[in-house]
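S.K.: No letters, just coordinates:
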């Protein structure tokens, strides 16, 4: 499933134990989402919970043991050290919105707020960014998104060994339509609710700003 693959690209990893057992894993702090992912892949594996540390949210992990699935992920470019080397897999056009939403839920950031609050009519703004340690991945993601729905976007390379693909207001709104509208998988809960709500927050801010 494209959403799960996108989420794995952001927050997943492959591990091999001393006995040669191979596992692919996803870890996240949102229990509802990882439960939805478990249902989507028809898994009977238990969801593990890492003990909460001070000032940290609990982490939930789904670990699937399968040499075949791990090898398939490797063929798609997701090896054990995928962080800096991964690139965009060949996801068909009709599933790329789900792949993008999955990656966004894992390694995407969104912010909605008001600028020029001192004015009578402040400006409502929306900002989206995708983060990765693989500059190649973000370059290919930008190309695919420009082919499908967007016009802009800029890549910022940090000195701290990561890069960020950034979008302003117009493209952020187009991304919302691309990632959320028309996807049958939303009915199965394959989205991170708190990020989707930020888009809705922007619409509320925009209405309030013009009153």
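M.R.: Okay, I see it. What you see is a predicted model, and the numbers here were worked out from it, not measured in a lab.

S.K.: Which other helices and strands does the lengthiest helix in the chain contact?
M.R.: Looking across the chain with DSSP state H, the single longest helix is helix 193-209. Using 3 or more CB pairs under 8 Å, 6 or more residues apart in numbering; DSSP states H and E as the contact criterion, the elements in contact with helix 193-209 are strand 108-115, strand 123-132, helix 169-180. C-betas here are computed from N, CA, C, even on glycine.

S.K.: go with 10 Å
M.R.: Helix 193-209 is packed against helix 31-40, helix 96-107, strand 108-115, strand 123-132, helix 169-180, with contacts defined by 3 or more CB pairs under 10 Å, 6 or more residues apart in numbering; DSSP states H and E.

S.K.: so how many other residues sit close to residue 122?
M.R.: Other residues near residue 122 come to 17 when the count uses other CB atoms under 10 Å.

S.K.: circling back: tell me the angle the longest helix of the chain makes with helix 96-107.
M.R.: Counting by axes from the mean of the first three to the mean of the last three CA atoms, to 10 degrees, helix 193-209 points 100 degrees away from the direction of helix 96-107.

S.K.: tell me which residues in helix 193-209 are buried?
M.R.: 195, 196, 198, 199, 201, 202, 205, 206, 209 (16 or more other CB atoms under 10 Å).
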